[in-house]
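> Here's my sequence, what's the structure:
(2 chains)
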Number of protein chains: 2
Amino acid sequence: MKDNFDMEYLLELVETRQFRRLKELLIEMNEVDVASFMEELDSEKTVVVFRMLPKELATDVFACLSLENQQHIINSITDVELRGIIEDLFVDDAVDMLEELPASVVKRVLQNASPDTRKLINQFLQYPENSAGSIMTAEYVGLKKTMTVEEAFAYIRKHGVDKETIYTCYVMDGVRRLEGVVTVKDLLMNPYDTRIEDIMDTHVIKAVTTEDQEDVVESFHKYDLLSLPVVDHEERLVGIVTVDDIVDVMEQEATEDFEKMAAMVPSEKPYLKTGVFQLAKNRIVWLLVLMISSMITGGILGKYENAFAIIPLLVTFIPMLTDTGGNAGSQSSTLIIRGMAVGEIEPRDVFRVVWKELRVGAMVGVVLGAVNYIRLVIMYPGNEMICLTVVLSLFVTVVLAKTIGCVLPIAAKVCRMDPAIMAAPLITTIVDAFSLVIYFQLACRLLNLA
Amino acid sequence: MKDNFDMEYLLELVETRQFRRLKELLIEMNEVDVASFMEELDSEKTVVVFRMLPKELATDVFACLSLENQQHIINSITDVELRGIIEDLFVDDAVDMLEELPASVVKRVLQNASPDTRKLINQFLQYPENSAGSIMTAEYVGLKKTMTVEEAFAYIRKHGVDKETIYTCYVMDGVRRLEGVVTVKDLLMNPYDTRIEDIMDTHVIKAVTTEDQEDVVESFHKYDLLSLPVVDHEERLVGIVTVDDIVDVMEQEATEDFEKMAAMVPSEKPYLKTGVFQLAKNRIVWLLVLMISSMITGGILGKYENAFAIIPLLVTFIPMLTDTGGNAGSQSSTLIIRGMAVGEIEPRDVFRVVWKELRVGAMVGVVLGAVNYIRLVIMYPGNEMICLTVVLSLFVTVVLAKTIGCVLPIAAKVCRMDPAIMAAPLITTIVDAFSLVIYFQLACRLLNLA
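Alright, predicted model coming up:
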């Protein structure tokens, strides 16, 4: 996507120290764009530019900066300036930042926060990772059911300016228990003297702080929400999740699944910002596990040394057999893992899934077998029994691979493991072993090698 | 996620024909939940229940139903009822439905639409698949810049009820060219006599109808938007995209990438609703391509028949070598493909990426090689040269696999192909061939088999 502003020109203004003109332009820009412009500057200039921003824009820009620049700015500004930023940041942005900063910086930040903010931040820092609590924020509009629409508007006009969303308002009783929601649209569509309790929706879709963020995403997806209230175990409202954070969570969850399914430990940071050592660490565990598993496959091959000592030609079909089996199995496992991730497939669907995969496997197996048979009789005339062995093994392997590929992710889910580990790499290794046993068993029988 | 209502009880009410009680409950429910309840009914009962819903809820529920049920209801209701639904549906929902329905049903639907609606639907049906135009809707609030805040509120109160979002309003000139946006929050935070032109934001983030939906997702993600205006090539506003549709697009795009990366043609429908024949068709093309590619690998093996006729032990290390190479390459390609999909990695980063992967490959290769060496000298004492051959081949294979895995997706992007095809299956096949050549070349030299 191209930028919405002239990066070159802005950088030139910094170079030539035309700060007044620069400030004029920056004030007109979106905070996201200002942040991405600042990421291009060296760290000294970053602080200079940051200081020329008006206070409100400064906080918004700060929330969009990279962790490195946030830390650098915190270290370069006065306590008074820092205090202003901390109090203006949304709690969720502050918490995201504090979770990653070194302890000494965190300490200085918290020392400069007001007691209320500090308490709130500390509370938010305690929610488990990937829970609803960890992605919520505290800046919502809370109303009373006895208010009229007019009073509600007055309240929103007065307090709404630093709320993350004003469009959905939450109605609570005296002990902050959630009683209903009312949208600004509802308020606009009703006369001023209507009481909130008469128009609020009491069937509130909500989450509990400890709920998994994937379930929260599921709710947003299902009900097309803009925000979702989060309550504690006593049903008291503690925060809200807004749809912009859900967009981030969805991208992050999908990335994690891609990584897990390619046999890696998911990375905390984007690829280009992850160190070589960390990348290697994320990959080595599964590579070792899979390497050792494939040694077992090698061991199986060792048992049939006699067979390929007699007919070395047999060996040349191994890559085709194992690769095709692995691919066939990975296709199934990918569809099932993804289907379960988006909530379309449940473990109770296991029989429907297996029956489907068996038929798909049979169809695909017949086509692949036929193509192979034609090729083999042309290339190796007079070796009909070898051709038959290869084609039969291929067919059985494909059907078996499809079955293994769909059963294992479901089994993982039933055992409360992450289905994503039953993806291509592990399925391929497992199918490899099976396909070789089938191949050489068939070979020994059909070609009388035993 | 558990349901927000008592499905069992509702089904019992249908069974025992307690329709009055049922209606009372349904009216209180969320339209999404009513729809998922109706999906559990047989088709005759679906129509009975649908007819008991009040008109407005009926349209909302209709938009959430499966295509089968939508079609069944269209075929069971009168023209008058149909007309009501079509006029009340959001254009994007109507278009999504019409794109999938059989021609005869589409004809009846369009005949019952008003001329204006019909024209709009026909226009929307023409936007290319996966373009901004194909996911936008026409129900937005349009204001004039000469209006005051008070007039704007009056306009929204009058016309806002059937808009998809009222929270962002679009300011246009006489020929519908977009001049700015103003949010309901801006309106609420300003006095009633303020003129729109004084508070509207003229730096509008927008899309063009023909733009790819992935770029639209990118904009929502970057700027935390709730809606985005879509303009035609003459800068005239033709529709808006709302964030709930973006959530759907993100899920759909990720699913497509998972499918492509597992060597399948992406499916139009969810897994459980896709027929066996269609599933087989989606999978067979790539399986065939990859099978034929792996025959080439087999051909390479054939060249070294002498080698493993002399030392059959060599064959038993093939699965370990090819599997590890494949996995190492897939890890890299997955990270790069995903990084490019979310806009983090660009083709111009190719040298940084390759340099990173070379170092990661070397680290990982050393560890894997060391583990293997220890195992081999224990299991096969006296075969030091074979051990050395295997370990050296493993190291070179891993480093090469990492390089191939990161270069090919970037190369695909440069050639304007979809990087997702350069995923695990193809990388594995390519790496297999290379690893075998390396292995047997080393074996022939180190073990004097030539």
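
> can I see the domain layout of chain A?
Domain ranges of chain A: A:7-125, A:142-242, A:273-447, per the TED database.

> A:L13: how many residues sit nearby?
20 (other C-beta atoms under 10 Å in any protein chain shown). All C-beta spots, glycine's among them, are computed from the backbone N, C-alpha and C.

> One more: A:D232?
A:D232 has 14 neighbours, counted by other C-beta under 10 Å.

> next one: A:D198
That count, for A:D198 with other C-beta under 10 Å as the rule, works out to 11.

> does it sit in a helix, a strand or a coil?
helix (DSSP: H, G, I helix; E, B strand; the rest coil).

> Relative to B:I240, which of the domains of chain A is closest?
The closest of the domains of chain A to B:I240 is domain A:142-242. By C-beta to C-beta, the value is 14.5 Å.

> how about the closest one, does it get close to chain B?
Yes - contact of domain A:142-242 with chain B (C-beta under 8 Å from any C-beta of the partner chain) involves A:153, A:156-157, A:160-161, A:166-167, A:184-185, A:188-189, A:203, A:205, A:215, A:218-226.

> In PyMOL, how would I select just the buried ones from the residues you listed?
To isolate the buried members of these in PyMOL, using 16 or more other C-beta atoms under 10 Å in any protein chain shown:
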select buried, chain A and resi 153+156+160+166+167+184+185+188+189+205+219+220+221+222+223+224+225+226
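
> Redo the domains of chain A as CSV? Include distance to B:F5 and mean pLDDT.
As requested, those are exported to CSV (distance: least, C-beta to C-beta, whole Å; pLDDT from 0 to 100):
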stretch, distance to B:F5, mean pLDDT
domain A:7-125, 31, 87
domain A:142-242, 9, 90
domain A:273-447, 17, 92
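
> looking at the ones you listed, which is buried most?
Of those, the one with the most neighbours on average (mean count of other C-beta atoms under 10 Å in any protein chain shown) is domain A:273-447, at a mean of 20.

> chain center to that domain, what's the gap?
On the basis of C-alpha atoms, centre = their mean, to the nearest Å, domain A:273-447 sits 28 Å off its chain's mean C-alpha point.

> And stretch A:245-260, by the same measure?
On C-alpha atoms, centre = their mean, the centre of stretch A:245-260 falls 1 Å from that of its chain.

> Stretch A:136-149 now?
31 Å.

> Relative to A:E234, how far out is the residue nearest the centre of chain A?
Central residue of chain A (C-alpha atoms, centre = their mean): A:E253, 1.1 Å from the mean position. Distance, A:E253 to A:E234, using C-beta to C-beta, to the nearest Å: 29 Å.

> same check, this time on A:I300
Separation of A:I300 from A:E234 (C-beta to C-beta): 58 Å.

> Please apply the same query to A:T403.
Taken as C-beta to C-beta, the span from A:T403 to A:E234 is 48 Å.

> For chain A, identify the residue most remote from the centre.
A:G382 (54.7 Å).

> In contact with A:I300: list those residues for me.
Counting by C-beta atoms under 8 Å, 6 or more residues apart in numbering or on different chains, A:I300 touches A:433, A:436-437, A:440.

> One more: A:D93?
A:D93 makes contact with A:63, A:137 under the criterion C-beta under 8 Å, 6+ apart.

> For it, give its distance to B:H221.
A:D93 is 16 Å from B:H221, by C-beta to C-beta.

> Then A:I246?
From A:I246 to B:H221 the distance is 11 Å (C-beta to C-beta).

> ok, now A:G298?
45 Å.

> mind checking how far stretch A:54-64 is from the chain centre?
Distance, centroid of stretch A:54-64 to centroid of chain: 27 Å (C-alpha atoms, centre = their mean).

> what sits up against it?
By C-beta under 8 Å, 6+ apart, stretch A:54-64 touches A:26-27, A:31-32, A:34-36, A:38, A:50, A:53, A:70, A:73, A:84-85, A:88-90, A:93.

> likewise stretch A:362-371?
Under C-beta under 8 Å, 6+ apart, the answer for stretch A:362-371 is A:324, A:328, A:391-392, A:394-396, A:398-399, A:402, B:276-277, B:280, B:283-284, B:287-288, B:291.

> Recalculate using a threshold of 6 Å.
Residues outside stretch A:362-371 that contact it (C-beta atoms under 6 Å, 6 or more residues apart in numbering or on different chains): A:391, A:394-395, A:398-399, B:280, B:283-284, B:291.

> No more questions from me, cheers.
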